[in-house]
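Structural data only, the sequence is not supplied:
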Ligand SMILES: [Zn+2]
């Protein structure tokens with residue numbers, strides 16, 4: 001709250017000064033003061049919108065960096081000497097050039113599905129057997 005009051009006082013003081021300077025141009029102090037005040041508030045609105053835009057761009061860059069970090073793996077050339085950390089994509093040819101042997105090599109991204117099951121808890125199995133509820137197993 002104190003910052004806002006200080007900012008308003010500063011804006012009013014600067015606008016008053018500009019109003020005095022522009023008094024000859026606008027024929028009165030209040031016209032120059034009002035023009036300066038309008039320019040201040042427009043500048044504040046523009047600066048705030050640019051700041052928000054920078055913040056959004058920064059957040060998007062961070063999110064993209066996180067996605068790329070999830071897909072980045074260590075890739076080794078078939079020659080065995082060159083190894084690189086590169087992001088791999090499923091729907092793209094992952095072709096790289098080895099700096100050691102100067103050959104290009106491709107990385108095939110293969111995936112397989114694995115059925116997941118719930119591991120039975122030994123405590124719940126014991127409790128169910130003890131209670132005679134074999135059908136729950
Ligand atoms: Zn190589």
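Ah, there it is. Please read all numbers here as calculations on a predicted model, not as lab measurements.

And the helix or strand harbouring residue 47, what does it pack against?
Using DSSP states H and E, residue 47 sits in helix 29-71. Judged by 3 or more C-beta pairs under 8 Å, 6 or more residues apart in numbering; DSSP states H and E, the packing partners of helix 29-71 are helix 2-21, helix 23-26. Just so you know, the C-beta spots here come from the backbone N, C-alpha and C atoms, and that holds for glycine as well.

so what strands line up beside the very next helix or strand once past it?
As assigned by DSSP H and E, the chain's next helix or strand after helix 29-71 is strand 72-76. Under the criterion DSSP bridges, strand 72-76 sits next to strand 83-87 (antiparallel) in its sheet.

quick one: stretch 88-98 near the ion?
Yes - counting by C-beta under 5 Å from the ion, the ion is contacted by stretch 88-98 at residue 98.

Between the two ends of that stretch, how far is it?
End-to-end span of stretch 88-98 (C-alpha to C-alpha, to the nearest Å): 16 Å.

Done for today, thanks.
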